[in-house]
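K.L.:
Next input, structure requested:
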Amino acid sequence: MRPGPRAISSPPIRSALVTLLTALLVGAVLPIAVAGSAAAATPTTLSLSAPASYADRDTTVTLSLVAAGAPVAGAPVVVERWDGVAWQPVGGPLITDTAGAATLAVPVDRSPTRNLLRASYAGDETNAPVSVEYVLPLSALPTSTSLTGPATVVDEQAVTLRMTWKTVEGTPVPGRVALQQYVGGVWRWVTIVDTNAAGYVDVRVTPRVDSRYRALSLGVPWAARSVSASRLVDNLPAGVPVALPASAPRPRIALPAQPRATGAGAYPVITRISDAVWRSMVGRSWHRGCPVGRSSLRLLRINYWDYQGYRRRGELVAAASVIRQMAAALSDMYQAKLPIRSMYRVDRFGWSKRVNGADDYESMAAGNTSAFNCRWVVGRPGVRSPHSYGRSLDLNTWENPYRSRLGWVPNAWWPSRSHSRVAWRSRTHPVVRIMTKHGLRWSYATSDSQHFDAVPRFGRVIVVPGCGDAVCD
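P.N.:
Numbers count the residues shown, from 1 in each chain. Sure thing, here's the model as predicted:
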């Protein structure tokens, strides 16, 4: 019978097994012991501080390392800075002194994101590791903003204004600046632009009136906001202002300036009477019993030169059959720079019982130019005016008075005087020549120098019953 296996009890083998088991036990227990040692390390506090500083100069960063309220001396601390992509070391490791402190000179960047620091302490057998982040405090430098450019500009032309933004030390500041204009008692935004690396930017503006501007820098983290002094740009007329005699009376009614001209040249636009315009006419320049209706009338909008030399846009209503003649005549006046005081529709002056239509007395007292007005002749109640048919034009009425039965209207100063541009007493005057050229006859000459009657190119001039050879404005 074959014997069974025997137990191995050799002393060398037992010794090897004991050694192996001991090593395995030590390997398993050692991490527990180390972990327990780290957990038992004294917590540490690492803090950084620095005074607020302006950009582009060094500031002193002070760090303090404390464990259980006591300074940690002789400890190496690594300081790094974020460059926008990665952490970069700032010098070599700092060694804390007996007070657990260390200092480092660090340049302050213009961008807050690049002023981020990280300080790290790796710890030792008794003190735990610690890492903190800190942003260098950045103070905004005081700045000055200036606005320069021409003091005058011709109406409808552009002018270049330069906005400059610099620190009080003269360093250019690239950043956002705003141009503002003073309108109606408040500063309104015109545009917001960026200054270049040299700290300035040019802006083109086209002021249509005398305008006050200022520049406002909006501020960046390293440079403070500031505002310039205001600058007045005087808007000069493109035309020649009318020079009137010092003794000449001024119109009794002052009208607001009409809107600035639009488009090139006279730019006449003829349209049918809109609902809004018709509503303003009914009960003023038109009423029941008028010889023409809405469909026979047209509205003319046209540019003209005012007495101050500016281009304005006026409007009048006239008969469809002659509106183009009036537009052509007024366009020629524009080309010759012969001024018109104002050109409001006569409805602006309201209803008048004296003339049974829109108030022509008020219109003349304002020196206004107009055409259609279904009314009586001024000073002759019950006699229909030629203006009722929309084929008559009253031009520059203050300087060219009308001789009514009650005397000169609107003033008695101008009838005996003329002016080369705005008051005519002869058929050789440029205004009369232009009107005549386009079929608008100077019907009553100096007795009613403001009045012109359009003769339709395809018809006869209307003879107003009751007027005969009398002056019927």
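K.L.:
May I ask which helix or strand encompasses the residue nearest to Pro245 when sequence neighbours are not counted?
P.N.:
Setting aside the residues directly before and after it, Pro245 is nearest to Arg417 in space (CB to CB, 6 or more residues apart in numbering), at 7.6 Å. Placement of C-beta: from N, CA and C, glycine included. In this structure, Arg417 is located outside every helix and strand according to DSSP states H and E.
K.L.:
Quick one: residues contacting Arg417.
P.N.:
Contacts for Arg417 were tallied using CB atoms under 8 Å, 6 or more residues apart in numbering; they are 245, 248, 423, 425.
K.L.:
contacting residues around the nearest residue to Ala328 once chain neighbours are set aside?
P.N.:
Counting by CB to CB, 6+ apart, Ala328 lies nearest to His438, which is 4.9 Å off, once chain neighbours are set aside. His438 makes contact with 325-326, 328-329, 332 under the criterion CB under 8 Å, 6+ apart.
K.L.:
Can I get the residues you listed in a markdown table including secondary structure, neighbour count and distance to Ala366?
P.N.:
As requested, these are exported to a markdown table (DSSP: H, G, I helix; E, B strand; the rest coil; neighbours: other CB atoms under 10 Å; distance: CB to CB, whole Å):
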| residue | secondary structure | neighbour count | distance to Ala366 |
| --- | --- | --- | --- |
| Gln325 | helix | 23 | 25 |
| Met326 | helix | 29 | 20 |
| Ala328 | helix | 17 | 25 |
| Ala329 | helix | 23 | 21 |
| Asp332 | helix | 18 | 24 |
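K.L.:
Which one of these is nearest to Glu169?
P.N.:
Compare each of these with Glu169 using CB to CB and the shortest gap goes to Asp332, at 62.0 Å.
K.L.:
can you tell me which residues contact that closest one?
P.N.:
In this structure, Asp332 makes contact with 434, 437-438, judged by CB under 8 Å, 6+ apart.
K.L.:
how far away is it from Ile302?
P.N.:
Per CB to CB, to the nearest Å, Asp332 is found 11 Å from Ile302.
K.L.:
And for the closest residue to Thr397 other than its chain neighbours, the neighbour number?
P.N.:
Distances taken as CB to CB, 6+ apart put Met364 closest to Thr397, at 4.1 Å, once the chain neighbours are dropped. A count of nearby residues for Met364, using other CB atoms under 10 Å, gives 26.
K.L.:
now the one 5 residues further on
P.N.:
By the other CB under 10 Å criterion, the neighbourhood of Thr369 contains 22 residues.
K.L.:
Correct me if wrong: it contacts Asp394.
P.N.:
Yes - assessed by CB atoms under 8 Å, Thr369 is found in contact with Asp394 at 6.5 Å.
K.L.:
hmm, back to that, what about the residue nearest to Pro245, distance to Met435?
P.N.:
Using CB to CB, Arg417 is found at 20 Å from Met435.
K.L.:
Which one of the contacts of Asp332 is nearest to Pro241?
P.N.:
Distances from Pro241 to the contacts of Asp332, taken as CB to CB, are shortest for Ile434 (20.6 Å).
K.L.:
How many residues are close by that closest one?
P.N.:
Once other CB under 10 Å is used to define contacts, Ile434 is seen to have 20 neighbours.
K.L.:
How about it, nearest residue that isn't a chain neighbour?
P.N.:
The shortest distance from Ile434 to any residue other than its chain neighbours is 4.6 Å, reached at Asp332 (CB to CB, 6+ apart).
K.L.:
can you check Ser280 too?
P.N.:
Nearest-residue entry for Ser280: Asp347, 4.7 Å, with adjacent residues in sequence omitted and distances by CB to CB, 6+ apart.
K.L.:
Pop out the phi and psi values for the one you found.
P.N.:
Torsion angles at Asp347 (phi, psi; degrees, to the nearest 10) stand at phi -60, psi -20.
K.L.:
hang on, Asp453 is in a helix, isn't it?
P.N.:
No - counting by DSSP: H, G, I helix; E, B strand; the rest coil, Asp453 is not part of a helix but strand.
K.L.:
my read: it touches Tyr444, true?
P.N.:
No - between Asp453 and Tyr444 no contact is recorded; they are 9.0 Å apart, counting by CB under 8 Å.
K.L.:
which residue ranges form the helices in this structure?
P.N.:
Assignment of helices within the chain using DSSP state H yields the ranges 11-39, 275-281, 323-335, 360-365, 430-437.
K.L.:
Of all the residues in the fourth one, which ones are buried?
P.N.:
Counting neighbours by 16 or more other CB atoms under 10 Å, one finds that the buried residues in helix 360-365 are 360-365.
K.L.:
re the thing from before, got JSON lines for the contacts of His438, with pLDDT and distance to Thr164 too?
P.N.:
Putting these into JSON lines (pLDDT from 0 to 100; distance: CB to CB, whole Å) gives the following:
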{"residue": "Gln325", "pLDDT": "97", "distance to Thr164": "55"}
{"residue": "Met326", "pLDDT": "98", "distance to Thr164": "52"}
{"residue": "Ala328", "pLDDT": "97", "distance to Thr164": "51"}
{"residue": "Ala329", "pLDDT": "98", "distance to Thr164": "51"}
{"residue": "Asp332", "pLDDT": "98", "distance to Thr164": "48"}
